[in-house]
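Visitor: have a look at this prediction, sequence included:
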Amino acid sequence: MFASVTTIDWMILFTPGVLAMVGGLGFWLHVRRKSATDAEAAVKFKPYTWLYFPAVSAVYAGIVIALLDAADRSALFSALSLTGAAPLIGLACGTAAGLASALYIRVRIERRPEEAAFLSPEYRELPGLVIVAPIAEELIFRGYGRLAFSDDPQIIAMLVTSAAFALIHGKVSLMLISFGLGCALYALFIVTGNLAAPIAAHATANLVMWINDRNIMASRQTQSLAAAGFGHPALFTRIYHSTSRRT
């Protein structure tokens, strides 16, 4: 077991998780000290999720690819093709995974409404979620991961790379979801033989969850307005009583 995996391979696969946990925790503690509540801190934490982490991920993936020898780099990119059915299969699988994750998030927010502050509904978060993260993470965890474990059973490769993938997501609840998603993405790569399939699935799942986050936030804002008397029919009731008092 792990016959083909070197110390460098382990470092490449697990360094992103270490950086994410140390950097994410450090940044959270920094903004939390400057905030009165967790909700306020969550707003200040947003740049980490939509800017800092995607940027570091892109740079990290670029460095790893640049340092690969010519044979490994060729093997990595030869597994990536936008032709054939693989991208469409990825889209379908990503939609299913995104809907399942969205349902889980809705149930969790209903039980713990304070976690709505950590949702990612803003347009500026789209590039990192739908373009940068899927490409960078799939190149490292599925593409490079498969190269590193080329002489080992694929089930072992799937479990180890999915564990490394889960670590970058910080919270325990997200790690559990990410581990399952990582296993599914690795299996999709093995079945199709095309790295475009997990990239498309990853991007689509993130897009579906982003849309879900926007819907949740819009619904909560509507409920807040209604509770304040600015929703139908309360809005018209207020207008009626206001104009009645003036006449």
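Guide: Okay, I see it.

Visitor: residue ranges in the protein under the pLDDT threshold?
Guide: Counting by pLDDT under 70, the chain contains low-confidence ranges at 224-247.

Visitor: list the buried residues in the longest helix seen in it.
Guide: Taking DSSP state H as the criterion, the chain has its longest helix at helix 196-227. Buried positions in helix 196-227, judged by neighbour count with 16 or more other CB atoms under 10 Å: 196-210, 212-213, 216-217. From N, CA and C alone the C-beta is placed, and that goes for glycine too.

Visitor: can you tell me which helices and strands that helix packs against?
Guide: Packing contacts for helix 196-227, counted by 3 or more CB pairs under 8 Å, 6 or more residues apart in numbering; DSSP states H and E, involve helix 86-111, helix 133-137, helix 172-192.

Visitor: dump the residue contacts of A203.
Guide: Shown in contact with A203 (CB atoms under 8 Å, 6 or more residues apart in numbering): 94, 130-131, 134.

Visitor: what do you get for E138?
Guide: 185, 195, 198-199, 202.

Visitor: please apply the same query to L25.
Guide: Here L25 is in contact with G170 (CB under 8 Å, 6+ apart).

Visitor: which stretch of helix or strand covers it?
Guide: helix 7-33 (DSSP states H and E).

Visitor: now do that helix: distance to the chain's middle.
Guide: What separates the centre of helix 7-33 from the centre of its chain is 15 Å, taken as CA atoms, centre = their mean, to the nearest Å.

Visitor: same for the helix or strand immediately after it in the chain, what does it pack against?
Guide: Going down the chain from helix 7-33, the next helix or strand is helix 38-47, by DSSP H and E. For helix 38-47, the packing partners by 3+ CB pairs under 8 Å, 6+ apart come out as helix 7-33.

Visitor: which parts of the helix it packs on are buried?
Guide: 9, 12-17, 19-20, 24, 27-28, 31-32.

Visitor: could you export those as JSON lines, including distance to G90?
Guide: JSON lines is the format used below for the buried residues of helix 7-33 (distance: CB to CB, whole Å):
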{"residue": "D9", "distance to G90": "25"}
{"residue": "I12", "distance to G90": "24"}
{"residue": "L13", "distance to G90": "22"}
{"residue": "F14", "distance to G90": "25"}
{"residue": "T15", "distance to G90": "26"}
{"residue": "P16", "distance to G90": "22"}
{"residue": "G17", "distance to G90": "24"}
{"residue": "L19", "distance to G90": "27"}
{"residue": "A20", "distance to G90": "24"}
{"residue": "G24", "distance to G90": "27"}
{"residue": "F27", "distance to G90": "32"}
{"residue": "W28", "distance to G90": "32"}
{"residue": "V31", "distance to G90": "35"}
{"residue": "R32", "distance to G90": "37"}
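
Visitor: need the max-distance pair from those residues.
Guide: D9 and R32 (35.3 Å; CB to CB).

Visitor: having no further points to raise, I will conclude here.
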